[in-house]
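J.: Okay, here's the prediction I keep looking at, along with the sequence it came from:
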Amino acid sequence: MQYTLTLSRWHKVAERINAALKQRETELKAALTATTISAWNKEGVEEKAAEIARRAAGDLALIEVGTRAVAQIRASLAIRNAELGVSAKLAEAESANRAAAVYRAIIDGQKADMVRPESVRALPAMLAEADTFGFGRRSAAVVTLQIADAELVESLRGKLAREQARATRLLDEVADLNREKLEIDVPNDVIGIAGLAA
């Protein structure tokens, strides 16, 4: 049966089918590999086994049709996404977010107790040797250098804002593109687990 849905809805349909298929796969494997009975309970075993086999055959057929349907949906989505440039926009957004994360880490990593390299010589000599554990042993105090100067940090703030804005813009464009409609033929056997109206 032909359905025309938005790209984002097709993603949800594929997820729904996959979730239902996973459940059926678990039941199928258990039915065909882990069905047990008590040795004393022999009455009606043939009928019960035949019923389990019928259900397993139905599950197997649904899994086969469903996996092909998911593959078809994903292939159709991939083609349409490529035509619309969705993958390229997502790659650009990922790049912008990655750069923004680096800028944010550097900006947030600047602490008030950092010392500029040119100020290290002016540190008190007491700081150079301290009894940090109270055992009469002296160890050198560690000073965190502030390598990034104010100009660099300020430039990173500007870059951070630009990259965040770029990522947001690109992701908004992707969201808009995901409203595009796509027609796909869904097998009748899968309509119920796909959550589609017959």
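T.: Perfect, thanks for sending it.
J.: Tell me where the protein has helices.
T.: 7-33, 45-84, 86-108, 125-128, 150-177, 188-194 (DSSP state H).
J.: which stretch among these comes nearest T144?
T.: Closest to T144 of those, according to C-beta to C-beta: helix 125-128, at 12.6 Å. Yep, even glycine has a C-beta here, placed from its N, CA and C like the rest.
J.: Can you give me the pLDDT of I17?
T.: I17 carries a pLDDT value of 97.
J.: Show the average pLDDT along stretch 83-97.
T.: Stretch 83-97 comes out at a mean pLDDT of 96.
J.: Show me what counts as buried in it.
T.: 84, 86, 89, 92-93, 96-97 (16 or more other C-beta atoms under 10 Å).
J.: from the middle of its chain, how far away would it be?
T.: 15 Å (C-alpha atoms, centre = their mean, to the nearest Å).
J.: How about stretch 16-34?
T.: For stretch 16-34, the distance to the chain centre is 24 Å (C-alpha atoms, centre = their mean).
J.: how about the CA coordinates for it, as CSV?
T.: Written as CSV, here are the backbone C-alpha positions of stretch 16-34 (Å, rounded to 0.1, in the frame of the first residue of the first chain):
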residue,chain,number,x,y,z
ARG,A,16,8.6,1.2,15.0
ILE,A,17,8.9,-1.6,12.5
ASN,A,18,12.4,-2.4,13.9
ALA,A,19,11.2,-2.4,17.5
ALA,A,20,8.3,-4.8,16.6
LEU,A,21,10.7,-7.1,14.6
LYS,A,22,13.1,-7.3,17.5
GLN,A,23,10.4,-8.5,19.8
ARG,A,24,9.3,-11.1,17.2
GLU,A,25,12.9,-12.2,16.7
THR,A,26,13.2,-12.8,20.4
GLU,A,27,10.0,-14.8,20.5
LEU,A,28,10.9,-16.7,17.3
LYS,A,29,14.4,-17.7,18.6
ALA,A,30,12.9,-18.8,22.0
ALA,A,31,10.2,-20.8,20.2
LEU,A,32,12.5,-22.6,17.9
THR,A,33,15.5,-23.1,20.2
ALA,A,34,14.4,-23.0,23.8
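J.: Need the contact partners of that stretch.
T.: 52-53, 55-56, 59-60, 62-63, 66-67, 69-70, 73, 190, 193-195 (C-beta atoms under 8 Å, 6 or more residues apart in numbering).
J.: picking that back up, in TSV: the helices of the chain, plus distance to V115.
T.: Formatted as TSV, the helices of the chain follow (distance: least, C-beta to C-beta, whole Å):
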stretch	distance to V115
helix 7-33	51
helix 45-84	51
helix 86-108	17
helix 125-128	10
helix 150-177	14
helix 188-194	62
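J.: nearest to P117, of these?
T.: Of these, the one closest to P117 (C-beta to C-beta) turns out to be helix 150-177, at 13.5 Å.
J.: Low-confidence regions, this protein specifically.
T.: Filtered on pLDDT under 70, the chain yields the residue ranges 125-140.
J.: List the buried residues for stretch 3-18?
T.: For stretch 3-18, by 16+ other C-beta under 10 Å, it's 3, 5, 7, 9-10, 13-14, 16-17.
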